[in-house]
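Novice: sequence plus the predicted model coming up.
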Amino acid sequence: MSRFRITLVDRYLISEFLKPFIFFIFALTIIMISSFLFELTDLIIIKKVPIDVVLKLLLYKLPDVMVQSFSISVLFSTLLSMSQFVKNNEFTALRMGGISLHRLIFPVLIIGLLVSGLTFFINEKVVPWTNHEAENIVRRTILQKGLPNLQEGVFFKIDDRYFYIDDIEESTGNLNNIILYELDKEDKFPLIITANKGIFRDKIWNLKQGVMHEFDEEGNLVGQSDFNELKLNINEKIKDFYGEQRTTSEMSREQLKKDIRIFQDSGISVNSLLVDYHLKLSKVFASVIFILIGIPLSIKSSKGKAFGLIISIVIIFSYYISISFCRSLGRNQILTPLIAAWLPNLVFGIVGTYLILKEEYFKLKG
């Protein structure tokens, strides 16, 4: 354990890492908030949204934006601090003094794990609520007129009924793959209705080619009946339950898991939801992955801060493109949801570990 006690070198590395880390968090947060506001500028002007509403929207978006900046800031800080460490010949001196690479990078990896833990906590306890409040402002205040009322991939609630629509045909307004589950106040398990197609007009849900599933109090399927057409009269219009709509970004991992379990019990395909569920955990470790990739690249490079920033942008772009690509493969059942969510981490993690091991056993020349 003594080899991993905090040393003067550890304190120095941590200090050199934290300075750019804090700077980049603030800088990226300002940039992303400004970008978000710019996207809504036309709508805000057209709708004449009051300034206090705009400020409230930005405040609610702040936790999500800050969390997104964490991993990117970690990568920038890793490359800049380690590159400077190498450039000043401090790295070479310590290696020649017998300190191993994995011992040198230990404090940076610990910071990466702490950032990942903080990211997970904020994503679970804060971001779902603030994202939901921000989206409610957009739905009710900014997008209230002239845009589609329903959204695909969104959960929403009417009384004790929960709806989920997988796909919406924009040209016709037809709904595909609809899930409705109705909670009974006395029973633990709901009545679940699934329909291949449907349409919503005013207060009437017209569902077609569907199945009704009934469960007993222990969660066992006790009844199942098919229907060609089912009409449900809801006492509210869609505009009245804007605030009850939720995308997966407005749900914690635990909330999403609960809905997935209900749908799975009735044999409903939940691939797209499962991918998002696993991504909520896998993306948390982006900070650690970026450190594993960033450290060996910064050690190899002596081209200064500008080169480090360029490399950072390339890595970030590649990582998030791979996440988007694998997410699409998972949603289309080409990859399993678990593999789709974790494959980018696995690939980038293996590459980073290989580069570190290669550097660890590379014989330093004078």
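Specialist: Arrived safely, thanks for sending.
Novice: and the next element down the chain from the helix or strand of the chain with the lowest mean pLDDT?
Specialist: Counting by mean pLDDT, DSSP states H and E, the weakest-scoring helix or strand in the chain turns out to be strand 154-158, with a mean of 69. Sequence-wise, the next helix or strand downstream of strand 154-158 (DSSP states H and E) is strand 161-168.
Novice: what are the pairing partners of whichever helix or strand comes after that next one, and which direction each?
Specialist: Next along the chain after strand 161-168, taking DSSP H and E as the criterion, comes strand 175-182. Strand 175-182 pairs in its sheet with strand 161-168 (antiparallel), strand 191-201 (antiparallel), by DSSP bridges.
Novice: any chance of these in a markdown table, with mean pLDDT too?
Specialist: Output for these, formatted as a markdown table (pLDDT from 0 to 100):
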| stretch | mean pLDDT |
| --- | --- |
| strand 161-168 | 76 |
| strand 191-201 | 82 |
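Novice: could I get those as TSV with mean neighbour count and distance to P344?
Specialist: For every residue, glycine as well, the C-beta is placed using N, CA and C. Formatted as TSV, these follow (neighbours: other CB atoms under 10 Å; distance: least, CB to CB, whole Å):
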stretch	mean neighbour count	distance to P344
strand 161-168	19	24
strand 191-201	18	32
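Novice: now distance to L104 too, for those, in a markdown table please.
Specialist: As requested, the strands paired with strand 175-182 are exported to a markdown table (distance: least, CB to CB, whole Å):
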| stretch | distance to L104 |
| --- | --- |
| strand 161-168 | 49 |
| strand 191-201 | 55 |
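Novice: closest one to I99 among the ones you listed?
Specialist: strand 161-168 (54.6 Å; CB to CB).
Novice: pull the distance from the closest one to the chain's centre.
Specialist: 21 Å (CA atoms, centre = their mean, to the nearest Å).
Novice: stretch 222-233 too?
Specialist: 35 Å.
Novice: returning to that earlier point: who wins for proximity to I289 among the strands paired with strand 175-182?
Specialist: strand 161-168 (30.6 Å).
Novice: let me see the ranges of the helices in the stretch 151-300 of the chain.
Specialist: Ranges of helices in the stretch 151-300 of the chain, per DSSP state H, counting those that start in this stretch, are 253-265, 271-282, 286-300.
Novice: before we move on, what's the pLDDT of the residue nearest the centre of the chain?
Specialist: Closest to where the C-alpha atoms of the chain average out (CA atoms, centre = their mean) is K280, at 5.1 Å. Per-residue confidence (pLDDT) for K280: 96.
Novice: what number of residues lie near the residue nearest to it when sequence neighbours are not counted?
Specialist: For K280, the nearest residue in space outside its immediate sequence neighbours is R253; the separation is 4.6 Å by CB to CB, 6 or more residues apart in numbering. Using other CB atoms under 10 Å, R253 has 19 neighbouring residues.
Novice: hang on, isn't R253 packed against S282?
Specialist: No: R253 lies out of contact with S282 (CB atoms under 8 Å); the separation is 11.1 Å.
Novice: quick check: the gap between the closest residue to N196 other than its chain neighbours and S269.
Specialist: Nearest residue to N196 in three dimensions, chain neighbours excluded: Q209, at 4.1 Å (CB to CB, 6+ apart). Distance, Q209 to S269, by CB to CB, to the nearest Å: 15 Å.
Novice: can you check S34 too?
Specialist: 39 Å.
Novice: who has more neighbours, the two?
Specialist: S269 (14 against 11).
Novice: enumerate every residue touching that one.
Specialist: For S269, the contact set (CB atoms under 8 Å, 6 or more residues apart in numbering) comprises N177.
Novice: and I350, by the same measure?
Specialist: Contacts for I350 (CB under 8 Å, 6+ apart) come out as none.
Novice: would it count as being in a helix?
Specialist: Yes: counting by DSSP: H, G, I helix; E, B strand; the rest coil, I350 is part of a helix.
Novice: what's the pLDDT at it?
Specialist: pLDDT, I350: 96.
Novice: relative to helix 271-282, how tilted is the host helix or strand of A134?
Specialist: A134 belongs to helix 127-137 when assigned by DSSP H and E. Following axes from the mean of the first three to the mean of the last three CA atoms, to 10 degrees, one obtains 130 degrees for the angle between helix 127-137 and helix 271-282.
Novice: what's L37 in contact with, if anything?
Specialist: 54, 58.
Novice: report the buried residues of the top helix by length along the chain.
Specialist: Criterion DSSP state H: the longest helix present in the chain is helix 8-47. Buried residues in helix 8-47, counted by 16 or more other CB atoms under 10 Å: 9-10, 13-14, 16-17, 20-21, 24-25, 28-29, 32-33, 40, 44, 47.
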